[in-house]
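**Q** Build me a structure from this.
(one chain, ligands or ions: 1)
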Amino acid sequence: MKPIKVVVHGALGRMGQTLVNALCRQPDMQIVGAVDLKATDDSLSLPDGSGRVPLSSKLELILTAVQPEVMVDFTTAEAVMPAVRTAAEHGVNLVIGTTGLTAENIKAIESLAKAHKIGAVVAPNFALGAVLMMHLAKLAGKHLDYAEIIELHHERKVDAPSGTALSTARAMAQARGRPFSTPPAGKKLASRGEAVEGISIHSVRLPGLMAHQEVMLGGEGQTLSIRHDQISREAFMPGVLLAVREAAKQKGLTYGLESLLGLEKK
Ligand SMILES: NC(=O)c1ccc[n+]([C@@H]2O[C@H](COP(=O)([O-])OP(=O)(O)OC[C@H]3O[C@@H](n4cnc5c(N)ncnc54)[C@H](O)[C@@H]3O)[C@@H](O)[C@H]2O)c1
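**A** Got it, this is the predicted structure:
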């Protein structure tokens, strides 16, 4: 079988570089081009020493030259939509990892995928362990009445609570279909974290940490803890590579990895 031809948009960024490395190790994929605003050369040397691929700050130019099957985007919320439109017009399937997309953006990607008969996988978190942690938390929250989330991140993270913690709390509440119980003293105490859907979220920021989240649930005489620890950017790669394989096969929008992992129906 021919390898899937992939272009990386944002190839010189942290995620882009990790992905270029990962793609070089896949026998069923081939990186054929790279795009980044910071490009100063017209080619990129591949980290496995296998040669060079075209590099440009202009996506259109690269797509026309190398005609990939899939474009993976790890850029910025401002850069992603123009890139999605250009790629869709070229009939290129999409894998979008860039965060900060609005609900309108997601709708627009869905319409573009439909109109151009391409596949688009959009996932706010490609770490398989994080996806599983959220899935298990949703399941557990249906049966245990109390839940709290402790999220721990490096000291440079600007937002708190983390986006993953907020999504976890909302998804747990939606799956449960009724409010979580809260301890009676909770409202009066100052240090109970941020309450989202009846779940207190506690944020820890310390050097030495990367991205960690523990969902603790409580019932009579028992607790259940579900914890995910992400210790490097490599954690995202199996999910991104899965999305590349599926984007080339599926048509239309797939949001999140749950359906690709068989956890939920599309
Ligand atoms: N979905 C996930 O699992 C996941 C995981 C990690 C990061 N992210 C997201 O991925 C994005 C990138 O993260 P990062 O840490 O690699 O950031 P980064 O700043 O290291 O890299 C972004 C790259 O995009 C390039 N870029 C910006 N605007 C561009 C444009 N108009 N055209 C071409 N290139 C452009 C920049 O030059 C830079 O090299 C962020 O939105 C981040 O939140 C998502």
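
**Q** Which residue is the nearest non-sequential neighbour of the residue of the stretch 1-150 of the chain at minimum distance from the ligand?
**A** As assessed by Cβ to the nearest ligand atom, the ligand sits closest to residue 13 within the stretch 1-150 of the chain, at 2.0 Å. C-beta here means a position set from N, CA and C on the backbone, and glycine is covered the same way. Computed as Cβ to Cβ, 6 or more residues apart in numbering, the closest residue to residue 13 that is not its neighbour in sequence is residue 74, at 5.9 Å.

**Q** Skipping adjacent residues, who's closest to residue 171 in space?
**A** residue 138 (5.4 Å).

**Q** Now name the helix or strand holding the one you found.
**A** Using DSSP states H and E, residue 138 falls within helix 128-141.

**Q** got the buried residues for that helix?
**A** 128, 129, 130, 131, 132, 133, 134, 135, 137, 138, 140, 141 (16 or more other Cβ atoms under 10 Å).

**Q** For the second one, which residues are in contact?
**A** Residues in contact with residue 129 (Cβ atoms under 8 Å, 6 or more residues apart in numbering) are 228, 229, 230, 235.

**Q** Contact residues of this structure facing the ligand?
**A** 9-10, 12-16, 35-38, 74-76, 79, 97-100, 123-126, 236 (Cβ under 6 Å from any ligand atom).

**Q** ChimeraX command for the buried members of the residues you listed?
**A** Buried residues within those, by 16+ other Cβ under 10 Å, are selected in ChimeraX with:
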select :9,10,12,13,15,16,35,36,74,75,79,97,98,123,124,125,126,236
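
**Q** thinking again about what came up before, quick one: which two of the buried residues of helix 128-141 are the most distant?
**A** 128 and 141 (20.3 Å; Cβ to Cβ).

**Q** quick revisit: now that we have the contacts of residue 129, which of them are buried?
**A** For those, buried by 16+ other Cβ under 10 Å: 228, 230, 235.

**Q** is it possible to export these to a markdown table including distance to residue 169, secondary structure and pLDDT?
**A** Converted to a markdown table, those look like this (distance: Cβ to Cβ, whole Å; DSSP: H, G, I helix; E, B strand; the rest coil; pLDDT from 0 to 100):
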| residue | distance to residue 169 | secondary structure | pLDDT |
| --- | --- | --- | --- |
| 228 | 15 | strand | 98 |
| 230 | 19 | strand | 97 |
| 235 | 22 | helix | 97 |
